[in-house]
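[1] Let me see the structure of the following:
(chains A and B)
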Amino acid sequence: MKKPNESVVFKSVSGIVVLLVVFSAIVSVIGYKGFTDALLEQYSDGALLIADSAALSINADEMDSYKNSGGTTAEYKEVWESLDNLCNSSGSTFIYIIQPDLTDFDHITFLFSTINKDSPYTVYDFGYVRETTNDEYKQKYRALYDGTSSHEIVIRDKGYIETDAHITAMISLKGSDGQTKAILCVQRQMDDMTMARRGYVRRVIFVLGLLAVLVVIGQSFYLYRVFLRPIQRITNEAGRFAEENVIPESKLTESIRHKDEIGVLAGSIDKMEEQIVSYVENLTKVTAEKERISTELALATQIQASMLPNIFPPYPDREDFSIFASMTPAKEVGGDFYDFFLIDDDHLGMIIADVSGKGVPAALFMMASKILLENLALGGLEPSEVLTKANEQICKDNKTDMFVTVWYGILEISTGKVKAANAGHEYPVLSKNGKFEIFKDKHGFVLGGMEGMRYRQYEFEMAHGDTLFVYTDGVPEATNGQNEMFGTDRLLEVLNAEPSAMPKILLENTAVSVGKFVDNAEQFDDLTMLCVKRV
Amino acid sequence: MIINKRTEGSKLTIHIEGRLDTATSPELSKELETALDGVTELVFDLTLLEYISSSGLRVLLSVQKAMNGKGTMVVKNVSELVMEVFEITGFVDILTIE
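    Model prediction:
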């Protein structure tokens, strides 16, 4: 058995794995985003809270004096201390107060700058000026100075190289005149968040990966059990059956007990195998029977043929007459027969007969008739007596209304005198002076048809060179494709073509002529002829 | 072969058309199996019968024998060709031909 190149399980499972990967990617993205948003909100709220509390210790109106203090006055230091404490206690990374240049916000000046002592960074010195980091900061600074907002959040969360992810909360420090005097910023690192987030994504991937593996194993196992294994069994069974053609030891439905389509398929295969096997058995039986009948019929054909005189010339040492006969059955066995025998040295008995119907029933009837007639004839009875007695015998046991037409004649060879009787048989054809003509003889009823029939005898003479031709209805009634019959006219035509030919030649010519006439049409009736010529 | 049957009381007329040979005779035989019950006058009209073989003759013989005890059987309108068969086989002696 050829193994399939692509397993159904592989296809099905790989489909599921792809689905899982897509699914886990979507879940990861959604989770990542949700997680980030939640944490950022928390971080920014915290940072803003710290900024607000830091602002409490600062009087914005004093900003100019701080600026001018050079970072050395006691007031300045007091504020710085409180900011520094807040920075360390709140876990912020960086708390600072800046003043951007108010023309284009390109630069910022650090007034206060405190840094968590655990962080790796160093503080900016008082009055340190640097470029604004980017446009986002610039816009936010501007907004805070415009008064369009009082607090802003900047998030840097994109894996920057120079700084870790961090969040900066900015609030405006407003003087009593309502003007923004400076910006207070609280920067918090988001290490924890990125760590947590990374952990989250890893967990999701791990769980989903684990799930994928479990699904692959589970689905493979499930598919193998409910789907592939039964299908394989069915495939194997079908292959086995195709080669062996016998019912399996155990049926498919014994091992495949599913009630689903596969179960139905298994049931169908079981049923199909049973039916095929029984069909084949039946066919084998019928074929064997047919062969037996055919053999028997072939044997029957031989037996029937051997019952009739079939060695020609039958009397090679007799030069005073020549006789020839033939029988061609339409089926394996026929109902026609001819017979001839020397009753004594000077008397030749000749019989031609035709049983009604064809095939085996006719052949059986023919055999009985042939034996009966020959026995009666060899007893030396006159033709009319032979037919009368034969009729009595046949009628006595004839339950089937079958009958046989018989012409029986005895030729006295030395004188050419023929004594004959006809029981419903075709008219003989006789050649006198080189011309064949139908001899309308006296007819009695067929043999076996009706009890108590009498058969009249008649006589005629055959001169030297005269020929007698008798035949069964298979000759004149041979039918061609156009449903035309050969007829006695065509028969006479053939015989008169060579009227003085020997019996063998006359019979052969007739057979050829009938064959040509019938052409491709099936031989429908037995074809039997007997011809005797007085030399 | 076409078989037409017409019943008038106890008289049954059978028209046979076509060829009555080995192939078609069993059909006629079967038709007649049941049709003869209560028939005392049987007529075969053979106007359209083209051909009769020995198998056909056998059916006629059986029917004739069946009718012998219970009524009459007449064969009429026999064509020349069929008549020749009746003559050759001696059926003219046992059938009533009109």
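[2] where in chain B is pLDDT low?
    Within chain B, no stretch has pLDDT under 70.
[3] Tell me where it has helices.
    Ranges of helices in chain B, per DSSP state H, are B:25-35, B:54-68, B:80-89, B:91-94.
[4] can you check the stretch 151-300 of chain A too?
    With DSSP state H, counting those that start in this stretch applied, the stretch 151-300 of chain A shows helices at A:191-223, A:229-244, A:252-255, A:261-307, listed in chain order.
[5] where are the low-confidence patches of chain A?
    A:1-6, A:158-163, A:523.
[6] For it, what lies in contact range of chain B?
    Proximity of chain A to chain B (C-beta under 8 Å from any C-beta of the partner chain) is limited to residues A:354-358, A:401-403, A:405, A:423-427, A:443-446, A:449-450, A:453, A:473, A:477, A:485, A:524-525. Every C-beta, even on glycine, is put in place using the N, C-alpha and C of the backbone.
[7] follow-up on the earlier one: turn the helices of the stretch 151-300 of chain A into TSV, columns for mean neighbour count.
    Converted to TSV, the helices of the stretch 151-300 of chain A look like this (neighbours: other C-beta atoms under 10 Å in any protein chain shown):
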stretch	mean neighbour count
helix A:191-223	14
helix A:229-244	15
helix A:252-255	15
helix A:261-307	13
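[8] Tell me if I'm right that B:Thr89 and B:Gly56 touch.
    No. If you go by C-beta atoms under 8 Å, B:Thr89 and B:Gly56 don't touch, sitting 10.6 Å apart.
[9] So between these two, which is more surrounded?
    Between B:Thr89 and B:Gly56, counted using other C-beta atoms under 10 Å in any protein chain shown, the more crowded position is B:Thr89 (29 against 24).
[10] And for stretch A:270-290, what's in contact with it?
    The contact list for stretch A:270-290 (C-beta atoms under 8 Å, 6 or more residues apart in numbering or on different chains) reads A:Glu237, A:Phe241, A:Asn245, A:Val246, A:Ile247, A:Pro248, A:Lys251, A:Leu252, A:Thr253.
[11] The same query, at a cut-off of 10 Å, please.
    The contact list for stretch A:270-290 (C-beta atoms under 10 Å, 6 or more residues apart in numbering or on different chains) reads A:234, A:237-238, A:240-241, A:245-248, A:251-254, A:256.
[12] circling back to that earlier point, for my notes, please list the helices of chain B in a markdown table and give distance to A:Ala288 for each entry.
    Formatted as a markdown table, the helices of chain B follow (distance: least, C-beta to C-beta, whole Å):
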| stretch | distance to A:Ala288 |
| --- | --- |
| helix B:25-35 | 28 |
| helix B:54-68 | 31 |
| helix B:80-89 | 41 |
| helix B:91-94 | 44 |
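[13] in its sheet, what does the longest strand seen in chain B sit against?
    Longest strand of chain B, by residue count under DSSP state E: strand B:11-20. Strand partners for strand B:11-20, identified by DSSP bridges, are recorded as strand B:2-8 (antiparallel), strand B:41-45 (parallel), strand B:49-52 (parallel).
[14] In CSV: these, plus distance to A:Leu144 and mean neighbour count.
    Below are these laid out as CSV (distance: least, C-beta to C-beta, whole Å; neighbours: other C-beta atoms under 10 Å in any protein chain shown):
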stretch, distance to A:Leu144, mean neighbour count
strand B:2-8, 119, 11
strand B:41-45, 130, 20
strand B:49-52, 126, 20
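[15] who's in contact with stretch A:125-133?
    A:66-67, A:69-72, A:76, A:80, A:96, A:98-101, A:104-113, A:124, A:137-141, A:154, A:156, A:163, A:168.
[16] What about these, which are in strands?
    Using DSSP E, the members of the contacts of stretch A:125-133 that fall in strands are A:96, A:98-100, A:107-113, A:154, A:156, A:168.
[17] Show me how to select, in PyMOL, the buried members of those residues.
    Selection of buried members from these for PyMOL, criterion 16 or more other C-beta atoms under 10 Å in any protein chain shown:
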select buried, chain A and resi 96+98+99+100+108+109+110+111+112+113+154+156+168
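[18] Name the nearest of the ones in strands among the contacts of stretch A:125-133 relative to A:Asp344.
    Checking the ones in strands among the contacts of stretch A:125-133 against A:Asp344 with C-beta to C-beta, the nearest one is A:Arg156 at 145.0 Å.
[19] and the closest residue to that closest one other than its chain neighbours, what does it touch?
    Nearest residue to A:Arg156, sequence neighbours excluded (C-beta to C-beta, 6 or more residues apart in numbering or on different chains): A:His166, at 5.6 Å. Each residue near A:His166 by C-beta under 10 Å, 6+ apart is listed here: A:43, A:47, A:92-94, A:154-157, A:160, A:187-191, A:193.
[20] Quick check on these: which are buried?
    The neighbour count (16+ other C-beta under 10 Å) marks A:43, A:47, A:92-94, A:154, A:156-157, A:187-190, A:193 as buried among the contacts of A:His166.
[21] got CSV for those, with distance to B:Glu33 too?
    Converted to CSV, those look like this (distance: C-beta to C-beta, whole Å):
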residue, distance to B:Glu33
A:Tyr43, 111
A:Ala47, 117
A:Ser92, 121
A:Thr93, 120
A:Phe94, 123
A:Val154, 115
A:Arg156, 113
A:Asp157, 108
A:Gln187, 120
A:Arg188, 116
A:Gln189, 116
A:Met190, 111
A:Met193, 107
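[22] What is the nearest of those residues to chain B?
    Within the buried ones among the contacts of A:His166, distances to chain B taken as C-beta to the nearest C-beta reach their minimum at A:Asp157, with 102.9 Å.
[23] ok, now how distant is that closest one from A:Val8?
    Going from A:Asp157 to A:Val8 by C-beta to C-beta, to the nearest Å gives 47 Å.
[24] re earlier: residues shared between the contacts of B:Thr89 and B:Gly56?
    Shared contacts of B:Thr89 and B:Gly56 (C-beta under 10 Å, 6+ apart): A:Ser356.
[25] Spit out the contact partners of A:Glu62.
    With contacts defined as C-beta under 10 Å, 6+ apart, A:Glu62 is in contact with A:Ser69, A:Glu75, A:Tyr76, A:Val79, A:Leu173, A:Gly175, A:Lys181.
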